[in-house]
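J.: no letters, just coordinates:
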């Protein structure tokens, strides 16, 4: 007796049995939903600072009055809940405004797709700190390198760029308007310890010396940070180059760093110095040194005008 052949039948899932095709298609489409804020986690290693500063408080007031006008972009997490891709500032503003939910566009994205979108959306901010650019460029560049065949919808790579086999850094340079070399310099900043990187953000250390310092191992950067605090000064480009040269020769140490930092700069004799710690309490945390200087000058001008007016009234 011949054996009956097995029938290869794919059974429908439970969802397919109790939902219509239209409902299933709708679930696959991107749509805006009000999602509980407690279910939205931040993007891993998000490089952009989200602070409760004055602008954030203004944004929170707007959200309290008008709600979130532009939905955030999130992606589903395998373990449940959602991960923020674009909208961290809107999320904080919603929390400060006492909202429990916020409108979000839900999109299925790979890690690299999400990274590229996250970086691109945040680089549109009016002010982007050097440290933010540094880590953002590095994250996006790594994601672009991992992607096989740059997708035009994600990286704006044209067929001509693919044909010419441009590097991911060259494509990133075209997208951001930064030069290839400038992107390299920003990414070097990711090698700085946090305290020195903060000084770059505050404008106390310029880009050129900061890049040179990034080649020093962390232990020497820590020693430099101590020397800067002790002498209340920051290294010039020439001093940073000198420290890097000593390190490459294997002769850099704490004493050499302190000696270099104690050198008088060409224009230092004519400068008036005041320890930052004496005045920083009068300014919001993170205020750049140049902004502090300008504020002090304006205050002194105002004081001089008042003194002149008093003299006239006598």
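T.: Right, received. Where do you want to start? Note that this is a predicted model, so its numbers are computed, not measured.
J.: buried set for stretch 33-40?
T.: 35, 37, 40 (16 or more other CB atoms under 10 Å). Using the backbone N, CA and C atoms, a C-beta is placed for each residue, glycine as well.
J.: now the end-to-end length of it.
T.: 13 Å (CA to CA, to the nearest Å).
J.: just checking, residue 258 touches residue 230?
T.: Yes. Contact criterion CB atoms under 8 Å: residue 258 and residue 230 qualify, at 7.3 Å.
J.: of those two, which one has the most company?
T.: residue 258 (16 against 11; other CB atoms under 10 Å).
J.: residue 231 versus that one, what's the distance?
T.: Computed as CB to CB, to the nearest Å, the residue 258 to residue 231 distance reads 8 Å.
J.: strands of this protein, start to end?
T.: 32-36, 40-41, 72-76, 82-86, 101-106 (DSSP state E).
J.: select, out of those strands, the one closest to residue 118.
T.: strand 82-86 (5.2 Å; CB to CB).
J.: low-confidence stretches in the stretch 51-200 of the chain?
T.: For the stretch 51-200 of the chain, the stretches with pLDDT under 70 are 148-165.
J.: 50 - rerun?
T.: 150-163 (pLDDT under 50).
J.: picking up where we left off before, now the strands of the chain as JSON lines including distance to residue 216?
T.: Formatted as JSON lines, the strands of the chain follow (distance: least, CB to CB, whole Å):
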{"stretch": "strand 32-36", "distance to residue 216": "45"}
{"stretch": "strand 40-41", "distance to residue 216": "35"}
{"stretch": "strand 72-76", "distance to residue 216": "38"}
{"stretch": "strand 82-86", "distance to residue 216": "35"}
{"stretch": "strand 101-106", "distance to residue 216": "43"}
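J.: residue 167: which of those is closest?
T.: Using CB to CB, the nearest of the strands of the chain to residue 167 is strand 82-86, at 25.6 Å.
J.: packing partners of the closest one?
T.: strand 40-41, strand 72-76, helix 111-122 (3 or more CB pairs under 8 Å, 6 or more residues apart in numbering; DSSP states H and E).
J.: can you put the ones you listed in a markdown table and add distance to residue 211?
T.: Shown next, in a markdown table, are the helices and strands packed on strand 82-86 (distance: least, CB to CB, whole Å):
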| stretch | distance to residue 211 |
| --- | --- |
| strand 40-41 | 34 |
| strand 72-76 | 33 |
| helix 111-122 | 21 |
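J.: biggest helix in this protein, by residue count?
T.: Ranked by residue count under DSSP state H, the longest helix found in the chain is helix 289-313.
J.: check which residues of it are buried.
T.: 289, 292.
J.: which strands and helices sit next to it?
T.: Against helix 289-313 (3+ CB pairs under 8 Å, 6+ apart) you get helix 276-279.
J.: so how far is the helix it packs on off the chain centroid?
T.: Mean-position distance between helix 276-279 and its chain equals 27 Å (CA atoms, centre = their mean, to the nearest Å).
J.: elements contacting that helix?
T.: Under the contact criterion of 3+ CB pairs under 8 Å, 6+ apart, helix 276-279 touches helix 289-313.
J.: how far off centre is the helix it packs on?
T.: Chain-centre distance of helix 289-313: 36 Å, with CA atoms, centre = their mean.
J.: who touches it?
T.: Contact with helix 289-313 is made by 202-204, 276, 279-280, 283, as judged by CB atoms under 8 Å, 6 or more residues apart in numbering.
J.: so which residues of the stretch 1-150 of the chain form helices?
T.: 14-18, 21-28, 54-66, 88-96, 111-122, 130-146 (DSSP state H, counting those that start in this stretch).
J.: try the stretch 201-314 of the chain
T.: 207-213, 218-231, 237-249, 254-261, 276-279, 289-313.
J.: ok, of those, where does mean pLDDT dip lowest?
T.: Among those, helix 276-279 has the lowest mean pLDDT, at a mean of 76.
J.: re earlier: looking at the helices of the stretch 201-314 of the chain, which is closest to residue 71?
T.: Checking the helices of the stretch 201-314 of the chain against residue 71 by CB to CB gives helix 289-313 as the closest, at 34.3 Å.
J.: neighbours of residue 199, how many?
T.: Neighbours of residue 199 (other CB under 10 Å): 21.
J.: hmm, I typed the wrong one, I wanted residue 218.
T.: Burial of residue 218 is recorded as 10 neighbouring residues (other CB under 10 Å).
J.: which residues does the closest residue to it other than its chain neighbours contact?
T.: Residue nearest to residue 218 in three dimensions, not counting chain neighbours: residue 193, with 5.7 Å by CB to CB, 6 or more residues apart in numbering. Neighbour list for residue 193: 218, 221-222, 225 [criterion: CB under 8 Å, 6+ apart].
J.: span of stretch 212-224 from start to end?
T.: With CA to CA as the measure, the ends of stretch 212-224 fall 13 Å from one another.
J.: thank you, goodbye.
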